[in-house]
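Asker: Only the shape, not the letters, is given here:
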Ligand SMILES: Cc1ncc(COP(=O)(O)O)c(C=O)c1O
């Protein structure tokens, strides 16, 4: 028997996607890519990081920067996060915060913490592909979270069968892949539903800081805190990330939750990787303190203009029958093609004929539906490139 026949059952649920194969073509010259949901590297606070790493490697700091450290995370960074969370409406203490290696690690740990095989995770249809991949390893069922739909708690419980509904996962601000935001009423309705279901809420705040217009809506955790008075009473677990604001390469994110949840996650982190890179946490801390307040408004201006350029270009070049979202922030616009137009076929055609890339939407649906959708990212192209890429995409859609 070869060793791959010995893999655990969960391994069979981890599949490479065909789309990734297509997207390998992105390295070709001349391709306009709206595929990756990544920050523009030209906007990284690179000088700030150069100074921060130099300071961390100075004789006074290097013993700490290069050493093992505590699993909970670098204390000054957690203190900065206490202030940051307060600014967005969440009163918590340093013991309510765990630093993770990106928010992706938090999603993996939360899947591991909550999901026994057969338990149900409620997710959006579509939802963030990385969350589906993280949770999938723990062999759950996925059910569709419909916040202001007419499904009551009893229906979710019945659909869960033998397993229990363990959590609802959502990214309420400028979601990946749709760019959509859950309004205040929706957030309150979610809390009503999850209270009734007695399940956790995983609030993914990856894009929370990137709002380009409209008025900020309090995080679900802030609304729950207002209801319950203390974070220790809250069932919402907030996952934050510096990836979209400062740097994804340093892999620094955080979790905010009640102390029993954090303590359990700390045990998981000890078992998995002991702690996130000390020097990276120190650098993020220094850069956040030095420039978060000026860097975010700059990102909002630049990405906001790119979003506007893409929305205008869509208006100018899309044929009838194509619809798209109008996000107030984040990095994505979600497009629905006429029924019968397959997003993956369109990608193959667009790459071949006009050298434009995007992500077909089907992969974001746990049940493989949504094949007539695509995700466009506007964060990593300048406005002229966006206009030209959308013009070309309109051309392919017309042929
Ligand atoms: C909604 C969402 N959550 C989480 C992540 C993971 O980000 P990171 O692990 O870099 O913090 C991403 C990355 O694209 C994302 O789009």
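Answerer: Received the coordinates, thanks. Just so you know, these numbers come straight off a predicted model, no measurement behind them. Numbering: from 1, shown residues only.
Asker: Could I get the contacting residues of whatever residue of the chain ends up closest to the ligand?
Answerer: When scored by Cβ to the nearest ligand atom, the chain has residue 102 as its residue closest to the ligand, at 2.6 Å. (C-beta placed from N, C-alpha, C; glycine too.) Applying Cβ atoms under 8 Å, 6 or more residues apart in numbering to residue 102 gives the contacts 241, 243, 248, 251, 252, 253.
Asker: And residue 139, its phi and psi?
Answerer: Backbone geometry at residue 139, expressed as degrees, to the nearest 10, gives phi 60, psi 50.
Asker: ugh, typo on my part, it should be residue 319
Answerer: Backbone torsions for residue 319, taken as degrees, to the nearest 10, come to phi -70, psi 170.
Asker: you'd agree it is up against residue 398?
Answerer: Yes: counting by Cβ atoms under 8 Å, residue 319 does reach residue 398; the two are 5.3 Å apart.
Asker: re the thing from before, distance of the residue of the chain closest to the ligand relative to residue 252?
Answerer: Note on residue 102: its distance to residue 252, by Cβ to Cβ, to the nearest Å, is 7 Å.
Asker: between those two, what contacts are shared?
Answerer: 241, 243.
Asker: Which parts of the stretch 251-399 of the chain are helices?
Answerer: 259-272, 278-317, 343-353, 383-398 (DSSP state H, counting those that start in this stretch).
Asker: Give me the buried stretch members for the second one, please.
Answerer: Judged by neighbour count (16 or more other Cβ atoms under 10 Å), helix 278-317 contains these buried residues: 278-289, 292, 295, 299-300, 302-304, 306-307, 309-311, 313-314, 317.
Asker: Around the ligand, pick out the residues from the stretch 101-250 of the chain.
Answerer: 102, 103, 104, 128, 130, 171, 176, 204, 206, 241, 243, 248 (Cβ under 6 Å from any ligand atom).
Asker: ok, now with 8 Å
Answerer: The stretch 101-250 of the chain comes close to the ligand at residues 101-107, 128, 130-131, 171, 175-176, 204, 206-207, 239, 241-244, 248, as judged by Cβ under 8 Å from any ligand atom.
Asker: of the residues you listed, buried ones?
Answerer: 101-107, 128, 130-131, 171, 175-176, 204, 206-207, 239, 241-244, 248.
Asker: sorry, back to before: export the helices of the stretch 251-399 of the chain to JSON lines and tack on distance to residue 231 and mean pLDDT?
Answerer: Output for those, formatted as JSON lines (distance: least, Cβ to Cβ, whole Å; pLDDT from 0 to 100):
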{"stretch": "helix 259-272", "distance to residue 231": "8", "mean pLDDT": "98"}
{"stretch": "helix 278-317", "distance to residue 231": "21", "mean pLDDT": "98"}
{"stretch": "helix 343-353", "distance to residue 231": "41", "mean pLDDT": "94"}
{"stretch": "helix 383-398", "distance to residue 231": "41", "mean pLDDT": "97"}
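Asker: could those be laid out in a markdown table, adding distance to the ligand?
Answerer: Formatted as a markdown table, the helices of the stretch 251-399 of the chain follow (distance: least, Cβ to the nearest ligand atom, whole Å):
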| stretch | distance to the ligand |
| --- | --- |
| helix 259-272 | 14 |
| helix 278-317 | 12 |
| helix 343-353 | 18 |
| helix 383-398 | 20 |
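Asker: Throw those into TSV and include distance to residue 26, thanks.
Answerer: Conversion of the helices of the stretch 251-399 of the chain to TSV gives the following (distance: least, Cβ to Cβ, whole Å):
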stretch	distance to residue 26
helix 259-272	31
helix 278-317	18
helix 343-353	9
helix 383-398	13
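Asker: give me every residue that touches the residue nearest to residue 202 when sequence neighbours are not counted.
Answerer: In this structure, residue 202 finds its nearest non-sequential neighbour in residue 169, 4.4 Å apart by Cβ to Cβ, 6 or more residues apart in numbering. For residue 169, the contacting residues are 107, 121, 122, 123, 124, 127, 131, 135, 145, 201, 202, 204, by Cβ under 8 Å, 6+ apart.
Asker: Give the rounded mean pLDDT of the helix or strand where residue 169 lies.
Answerer: Per DSSP states H and E, residue 169 falls inside strand 165-170. The average pLDDT for strand 165-170 rounds to 98.
Asker: Pairing partners for it, with directions?
Answerer: strand 120-123 (parallel), strand 200-204 (parallel) (DSSP bridges).
Asker: Make CSV from the ones you listed and add mean pLDDT to it.
Answerer: Shown next, in CSV, are the strands paired with strand 165-170 (pLDDT from 0 to 100):
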stretch, mean pLDDT
strand 120-123, 98
strand 200-204, 98
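Asker: so which of the ones you listed gets nearest residue 338?
Answerer: Closest approach to residue 338 among the strands paired with strand 165-170 (Cβ to Cβ): strand 120-123, 26.2 Å.
Asker: Show me where the stretch 1-150 of the chain has its helices.
Answerer: Using DSSP H, counting those that start in this stretch, the helices of the stretch 1-150 of the chain run over 18-23, 46-56, 62-65, 75-87, 102-114, 129-136.
Asker: coming back round to it: between the strand holding residue 169 and helix 102-114, how big is the angle?
Answerer: Put simply, strand 165-170 runs at 170 degrees to helix 102-114, going by axes from the mean of the first three to the mean of the last three Cα atoms, to 10 degrees.
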